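Visitor: for reference, the sequence and a predicted model appear below.
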Amino acid sequence: MAAATPQDPAASAPRRKVSRHRGEGQWAAGHFTPLNGNEQFKKDDDGLNVRTRIETIYSKRGFDSIDPNDLRGRMRWWGLYTQRKPGIDGGKTAILEPEELDDKYFMLRVRIDGGRLTTRQLRVIGEISQEFARGTADITDRQNVQYHWIRIEDMPEIWERLEAVGLSTVTACGDTPRVMIGSPVAGIAEDEIIDGTPALEEMKRRVLNNKAYSNLPRKFKTAISGSPLLDVVHEINDVAFVGVRHPEHGPGFDVWVGGGLSTNPKLGVRLGAWVPVDEVPDVYEGVLSIFRDYGYRRLRTRARLKFLVADWGAEKFRQVLEDEYLGRKLVDGPAPEQPVRQWRDHVGVHRQQDGRFYVGFAPRVGRVDGTTLTKIADLAEAHGSGRVRTTVEQKMIILDVEEAQVDSLVGALEALDLTAKPSPFRRGTMACTGIEFCKLAIVETKVRGSQLIDELERRVPDFDEPITINLNGCPNACARIQVADIGLKGQLVLNDQGEQVEGFQVHLGGALGLEAGFGRKVRGLKVTAEELPDYVERVLKRFQAEREDGERFATWAARASEEALS
């Protein structure tokens, strides 16, 4: 795909009163003039170029030498965000200037495309955590690993170590093609429709470190899976390829575009096109190029692909893709079938295609540490072939375990508090980074989520239904609150004494895969962080008492009275 290059517009026409119809900052419509600060710093210098300055200047002169547009902008192109200065409460998040919130340390995101890791790679990730990140290493809901407490002085060595084992932080953040999530059991699961790994690897080869795609309107999220479990939350990605069987052409992928959450959530839409695995990279590159060329750059709040798809509709989007970017028509194809299981996280013991087993296990809300990761690498080598996976549910999987080794591995994981037989609460609770490190956060999430798991296991020990409880520290939905059974959006609320304290707005009955939809907000329903275990216990017990045979929580929450949900 040819890159569209911004350039200064020709001499302007006579001035006239303009309205919104002057354009949305779309390059394909000739609107190249930067329309906000982000577009200006991207025009001034490609974000990929900042690595040279980090290695030659900033790592030698220290934090105070970093140019502000690099610090809060271009460094994201290499996976670096400044983290929150300790001791700043959530009430000041939206009040303080960025430099007042910035600590002199960074969050660093390591991209793990498809969740695919070798034990050698995992061990290096763990060693970097211990040596440079004060032991931190969170597993995200996009299969990445995130460090905290990273010093700019250490970045050259960190990159050298990661890249020596085939890992990277390139475009892990920024207005770029982010990590490509994929089925963690691609090419392994017995029930797989088609293995998307060859397509994912070719997509990476084409776009990573490619300046044709390093200046997008905003971030671009990608998913591909041939699993019938629909295990990559395809509905909320900018582009997703979902395994299907065409009645004439056989296994391939159904194409979805325009999904995303944050403060204006939208579910992706089908283009109605079936694509064979070897053509997926072409279609991917075409969708990515449409976003680059037609995406809205005038307002940052409308700069995601979901807004373009909402305005155009699936039919026009497909036509532009075919006519302007592929030069051919796509084959019409079927929609994916609904998954037969509600859990899509691959936790537990499962048989592989080759007769061996994979074992999925559940850290607490994605929080692990470098020491634990190196121990997981040891276990994977002792019990498997040295292959490990991360999932989009903040979980992990060890592959290639012989049947005789399964019980030993499960027991060893339990000893590390990494259970392969978790309660529904341990299995279904996720949390974003929260106020501990995130500059956007208002409330604590990781510790709160872990404590909630313990309380619910103690209070509702007989609960055995699939349930998702997602905690987010701010409105941006990194932990997917709108599509959880119980979604908790962090905000400050008033307690019984009229004091402002940490709390949550509650979303109930969201879902993906099975009747996908956004959760319901009960009018005026907010809970303090202290009251959270009482509230969730109360709602779950009402669900147990009122549910019909086989009814899922999301279905019950949609029909329940506001009183029952309060």
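Guide: All right, it came through fine.
Visitor: if I look at R459, how far off is A529?
Guide: Distance of R459 to A529, computed by Cβ to Cβ, to the nearest Å: 17 Å. C-beta: built from backbone N, CA, C; applies to glycine.
Visitor: other SSEs contacting the helix or strand that contains E414?
Guide: When elements are defined using DSSP states H and E, E414 is found to belong to helix 403-415. Packed against helix 403-415, as judged by 3 or more Cβ pairs under 8 Å, 6 or more residues apart in numbering; DSSP states H and E, are the following elements: strand 357-361, helix 370-383.
Visitor: can you tell me how far the residue nearest the centre of the chain sits from F241?
Guide: Centroid-nearest residue in the chain: R142, 3.5 Å away (criterion: Cα atoms, centre = their mean). R142 sits 16 Å away from F241, taking Cβ to Cβ as the criterion.
Visitor: got any ranges where this structure has weak pLDDT?
Guide: For the chain, the stretches flagged by pLDDT under 70 are 1-22, 514.
Visitor: quick one: Q352 and I398 touch, right?
Guide: No: under the criterion of Cβ atoms under 8 Å, Q352 lies out of contact with I398, with a separation of 11.5 Å.
Visitor: higher neighbour count, those two?
Guide: I398 (29 against 17; other Cβ atoms under 10 Å).
Visitor: now the helix or strand hosting the more buried one, how far from the chain's geometric center?
Guide: Secondary structure assigned from DSSP H and E places I398 in strand 396-401. On the basis of Cα atoms, centre = their mean, to the nearest Å, the separation between the geometric centre of strand 396-401 and that of its chain is 22 Å.
Visitor: again, but for stretch 291-301
Guide: Per Cα atoms, centre = their mean, the centroid offset for stretch 291-301 relative to its chain is 21 Å.
Visitor: can you give me the end-to-end span of that stretch?
Guide: Distance between the boundary residues of stretch 291-301 (Cα to Cα, to the nearest Å) amounts to 15 Å.
Visitor: list the buried residues in that stretch.
Guide: F291, R292, D293, Y294, G295, Y296, R297, R298, R300 (16 or more other Cβ atoms under 10 Å).
Visitor: all the strands of the stretch 101-250 of the chain, in order from the start?
Guide: Assignment of strands within the stretch 101-250 of the chain using DSSP state E, counting those that start in this stretch yields the ranges 102-110, 116-118, 136-139, 145-150, 177-182, 220-225, 239-246, 250-257.
Visitor: can I get those strands in TSV including distance to A314 and mean neighbour count?
Guide: Formatted as TSV, the strands of the stretch 101-250 of the chain follow (distance: least, Cβ to Cβ, whole Å; neighbours: other Cβ atoms under 10 Å):
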stretch	distance to A314	mean neighbour count
strand 102-110	31	22
strand 116-118	31	23
strand 136-139	33	24
strand 145-150	34	24
strand 177-182	21	28
strand 220-225	17	27
strand 239-246	13	24
strand 250-257	7	23
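Visitor: between these, which gets nearest to W27?
Guide: The closest approach between W27 and any of these, judged by Cβ to Cβ, belongs to strand 220-225 at 14.9 Å.
Visitor: thinking again about what came up before, counting contacts, what elements does the strand holding I398 pack onto?
Guide: Judged by 3+ Cβ pairs under 8 Å, 6+ apart, the packing partners of strand 396-401 are strand 357-361, helix 370-383, strand 387-390.
Visitor: nearest to P422, out of the ones you listed?
Guide: Closest approach to P422 among the helices and strands packed on strand 396-401 (Cβ to Cβ): strand 357-361, 7.8 Å.
Visitor: distance of K211 from D67?
Guide: K211 sits at a distance of 20 Å from D67 (criterion: Cβ to Cβ).
Visitor: which one of those two has more residues nearby?
Guide: For K211 and D67, the more surrounded residue by other Cβ under 10 Å is D67, and the numbers stand at 16 against 12.
Visitor: count the residues that sit near the closest residue to the more buried one other than its chain neighbours.
Guide: Take D67 and drop its neighbours on the chain: the residue closest to it by Cβ to Cβ, 6 or more residues apart in numbering is R53, 7.7 Å away. Neighbours of R53 under the rule other Cβ under 10 Å: 17.
Visitor: same question, D354
Guide: When neighbours are counted by other Cβ under 10 Å, D354 comes out with 9.
Visitor: surely it is within a helix?
Guide: No: for D354, which was evaluated using DSSP: H, G, I helix; E, B strand; the rest coil, the result is coil, with no helix membership.
Visitor: which residues sit in contact with it?
Guide: Neighbouring residues of D354 by Cβ atoms under 8 Å, 6 or more residues apart in numbering: D400.
Visitor: ramachandran angles for it?
Guide: Torsion angles at D354 (phi, psi; degrees, to the nearest 10) stand at phi -90, psi 10.
Visitor: could you give the separation of stretch 541-556 from the chain centroid?
Guide: A distance of 29 Å separates the C-alpha centroid of stretch 541-556 from that of its chain, computed with Cα atoms, centre = their mean.
Visitor: can you list contacts of that stretch?
Guide: Stretch 541-556 is touched from outside by 342, 460, 463, 465-467, 485-486, 509-511, 514-515, 517, 519, 557, 560, 564-565, with contacts defined as Cβ under 8 Å, 6+ apart.
Visitor: surely T371 meets G126?
Guide: Yes: here T371 lies in contact with G126, judged by Cβ under 8 Å, at a distance of 6.9 Å.
Visitor: neighbour count winner among those two?
Guide: Under the criterion of other Cβ under 10 Å, the comparison of T371 against G126 puts G126 first, with 24 against 15.
Visitor: and that one, how far is that from F132?
Guide: Computed as Cβ to Cβ, the G126 to F132 distance reads 11 Å.
Visitor: and for T176, the neighbour number?
Guide: By other Cβ under 10 Å, 22 other residues sit near T176.
Visitor: list the contacts for it?
Guide: T176 sits next to G47, W77, Y213, S214, L216, K219, F220 when contact means Cβ under 8 Å, 6+ apart.
Visitor: could you redo these as JSON lines and give each row distance to F106?
Guide: Formatted as JSON lines, the contacts of T176 follow (distance: Cβ to Cβ, whole Å):
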{"residue": "G47", "distance to F106": "15"}
{"residue": "W77", "distance to F106": "13"}
{"residue": "Y213", "distance to F106": "24"}
{"residue": "S214", "distance to F106": "20"}
{"residue": "L216", "distance to F106": "22"}
{"residue": "K219", "distance to F106": "18"}
{"residue": "F220", "distance to F106": "22"}
